[in-house]
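Any chance you could fold what I've pasted below:
(one chain, ligands or ions: 3)
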Amino acid sequence: MKALYPFKDSLFEATIVESFGRHYTAVLADGHSLHARPRGKRSDCAVGDKVQLRITSKNEAVIEAIAPRRNVLMRAEEHRSKIFAANVDVLAYVVAPTPPVHDELLARACTAALAAGITVWFILNKADLTETFSALRQRMQHHAAANSCQFELSTRTGQGLEVLKKALKGKRVVFAGQSGMGKSTLLNALHPQAKQVMGELSDALSSGKHTTTATRMFQLAEETELIDSPGFQVFGIAHLSRTQLERGFPEFETYAPECKFYNCWHLDEPGCAIRKAVENGAINGIRYDVFKRLMREAAKRLS
Ligand SMILES: Nc1nc2c(ncn2[C@@H]2O[C@H](COP(=O)(O)OP(=O)(O)OP(=O)(O)O)[C@@H](O)[C@H]2O)c(=O)[nH]1
Ligand SMILES: [Mg+2]
Ligand SMILES: [Zn+2]
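Ligands and ions are numbered 1, 2, ... in the order given. The predicted model follows:
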């Protein structure tokens, strides 16, 4: 670090590797890490961002600028928004037989990713819970249209980890999902130096608290980066347009052109081909129910 101090007030390129509220950790090209804070009140910087830093003291820097992004994975409620990560290749949505999967939360997060052009994978963890795992597999089939790849594994037994590792090669992947699914445990299994704190399931569920509170990126290999993120209980998608929202339901695309009205919202309109596809089982009813809730929410916001 000493070597940098004489460069006080010079500008450096860096990557944000950790965020916790308005606190960030940034890493310079030579591997040095610094505590970085945004200039002014804004804190719209995220893990994965390339930034320009002004070094202010030995371990401190101010974020002067954020480089243009390829994409962002974010959520937005009415009055606040949160960027999980920037410039990512894949959202790996982690589920398990326990705690129970929340279908709407899953659909919301995947819709946000797909709308941003980010590929979605499903990670079905805790395969060692053999009695309940097949029910999970069945449930996840409903959402099959939203993902491009599905992995079954157990961080406890190590089953399936090698297959996932191969797929991760060369990608920047965000592990996200509800609390208690085993994201941090998986990160530790893939990257033993990660040392992410893991929670007791009972704690996570009864207190509503999340074990992981900061978003952190780990380098697995030269071009492979894994991001652990805090579990969530809400996932607002107020930032998405109607068209973006529809991108979260790619299985509708085949049928939508047959709707009677060109501008069909697929809600109560007569002659809706999506509703018909739900009735005859071609589109999953749970997914359609979630879609309706998201569309009604969007209709209120956009009207
Ligand atoms: N049976 C079983 N339990 C697992 C497995 N992986 C993780 N767990 C357990 O699941 C619990 C939650 O794990 P975490 O890794 O803290 O979960 P998380 O998704 O990071 O949770 P948050 O940080 O709160 O979002 C812990 O008690 C783990 O031991 C697995 O493969 N099998
Ligand atoms: Mg965690
Ligand atoms: Zn329609």
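
Only C-alpha atoms from now on, for both contacts and neighbour counts.
OK.

Who are the contact partners of A109?
Contacts for A109 (C-alpha atoms under 8 Å, 6 or more residues apart in numbering) come out as R75, F235.

That one looks like it's in a helix, true?
Yes - A109 forms part of a helix when assessed by DSSP: H, G, I helix; E, B strand; the rest coil.

what's the distance between it and ligand 3?
23 Å (C-alpha to the ion, to the nearest Å).

quick one: that residue and L161, what's the gap?
Distance from A109 to L161, counting by C-alpha to C-alpha, to the nearest Å: 24 Å.

do L245 as well
Relative to L161, L245 is positioned 32 Å away (C-alpha to C-alpha).

between these two, which one's more packed in?
Set side by side, L245 and L161 give different neighbour counts by other C-alpha atoms under 10 Å, the larger being at L245 (21 against 17).

number of nearby residues for the residue lying closest to that one once chain neighbours are set aside?
Closest residue to L245 in three dimensions, ignoring its sequence neighbours and counting by C-alpha to C-alpha, 6 or more residues apart in numbering: T111, at 6.3 Å. Other residues within reach of T111, judged by other C-alpha under 10 Å, total 24.

and what of the one 5 residues further on?
Applying other C-alpha under 10 Å, we find 19 other residues in the vicinity of A116.

quick one: it and R75 touch, right?
No - counting by C-alpha atoms under 8 Å, no contact exists between A116 and R75, whose distance comes to 11.2 Å.

And the host helix or strand of E131, how far out from the chain middle?
Under DSSP states H and E, the secondary-structure element containing E131 is helix 130-141. Between the centre of helix 130-141 and the centre of its host chain there is 22 Å, according to C-alpha atoms, centre = their mean, to the nearest Å.

try stretch 93-112
The chain centroid and the centroid of stretch 93-112 are separated by 11 Å under C-alpha atoms, centre = their mean.

same check, this time on stretch 173-186
Offset of stretch 173-186 from its chain centre (C-alpha atoms, centre = their mean): 10 Å.

Over to stretch 142-159?
For stretch 142-159 - counting by C-alpha atoms, centre = their mean - the centre lies 15 Å from the chain centre.

returning to that earlier point: is the helix holding E131 positioned near ligand 1?
No - with C-alpha under 6 Å from any ligand atom as the criterion, ligand 1 is not reached by helix 130-141; the gap is at least 9.5 Å.
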